[in-house]
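J.: Take this sequence and fold it.
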Amino acid sequence: MDKTELERRLRKYNNGLVISGVGVIIFGIWTIIKAIEEIAFGDIDFFEFVTGGNTEIPFMKGIVTGILVLVIILILLWHLYVGGCAILVGRGKKNKKAFLFWAFFALILTFSGFNRFFIETSSDPNDTTIASFLTDVAFCFAILDMFVSYFLSAKTKKQLGRM
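T.: From the prediction side, this is the model:
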């Protein structure tokens, strides 16, 4: 294989990393929007569910809200870190590997959550359940594409280094 072909493949794999990184960031934003929508318009009163019905204690609602905001910020930062690192690696600005651990962790968490789609809560699934399932599948594909692109990019860089 000649050098120009390897360079073309390297650009392709790096572009795959950038696209996957952007996808992870977008899925992170979607996750936040979906969580806020579920809390605001869900069938269950979130604060009553979390506090076990002790919402009459004034500071309890504030504590739960504070924890919720903290969790939402952490989820967003997690997606920004993984996606941002993939973008930087794809553009050749950094060569971090730690983001792969966090991406793998996100993949495992998403896979472990798939069983909730198959539990029979009603006779027919609603549109939101189907859309959530497809979104989670797409997120898994973005993470898997990130892994494949990263490892193929590293392999191609080694081959180019030997020439």
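J.: hey, let's count contacts and neighbours off CA atoms from now on
T.: OK.
J.: Which strand or helix spans the spatially most central residue of the chain?
T.: Residue closest to the average C-alpha location in the chain (CA atoms, centre = their mean): residue 24, at 4.7 Å. Using DSSP states H and E, residue 24 maps to helix 3-41.
J.: So which elements touch that helix?
T.: helix 58-90, helix 127-162 (3 or more CA pairs under 8 Å, 6 or more residues apart in numbering; DSSP states H and E).
J.: pLDDT score for residue 13?
T.: Per-residue confidence at residue 13 stands at 96 (pLDDT).
J.: how close does it get to residue 38?
T.: 37 Å (CA to CA, to the nearest Å).
J.: what about these two, which has more around it?
T.: The neighbour count for residue 13 versus residue 38, taken as other CA atoms under 10 Å, is higher for residue 13 (23 against 14).
J.: Ok, which of the helices and strands packed on helix 3-41 comes nearest residue 98?
T.: helix 58-90 (8.8 Å; CA to CA).
J.: how far out from the middle of the chain is the closest one?
T.: 12 Å (CA atoms, centre = their mean, to the nearest Å).
J.: what's the angle between that helix and helix 3-41?
T.: On the basis of axes from the mean of the first three to the mean of the last three CA atoms, to 10 degrees, helix 58-90 is oriented at 170 degrees to helix 3-41.
J.: Counting by contacts, list what helix 58-90 packs against.
T.: By 3+ CA pairs under 8 Å, 6+ apart, helix 58-90 packs against helix 3-41, helix 46-51, helix 98-112.
J.: which one of these has the lowest average pLDDT?
T.: Among these, helix 46-51 scores lowest, at a mean of 68.
J.: CA atoms only for stretch 19-29 - export them in CSV, please.
T.: Taking C-alpha atoms only, stretch 19-29 is exported to CSV below (Å, rounded to 0.1, in the frame of the first residue of the first chain):
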residue,chain,number,x,y,z
ILE,A,19,-18.0,12.8,13.7
SER,A,20,-18.4,10.3,16.5
GLY,A,21,-17.2,12.9,19.0
VAL,A,22,-19.8,15.4,17.8
GLY,A,23,-22.4,12.6,18.0
VAL,A,24,-21.5,11.9,21.6
ILE,A,25,-21.9,15.6,22.5
ILE,A,26,-25.3,15.8,20.8
PHE,A,27,-26.5,12.6,22.5
GLY,A,28,-25.4,14.1,25.8
ILE,A,29,-27.5,17.2,25.1
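J.: Perfect, I'm done here.
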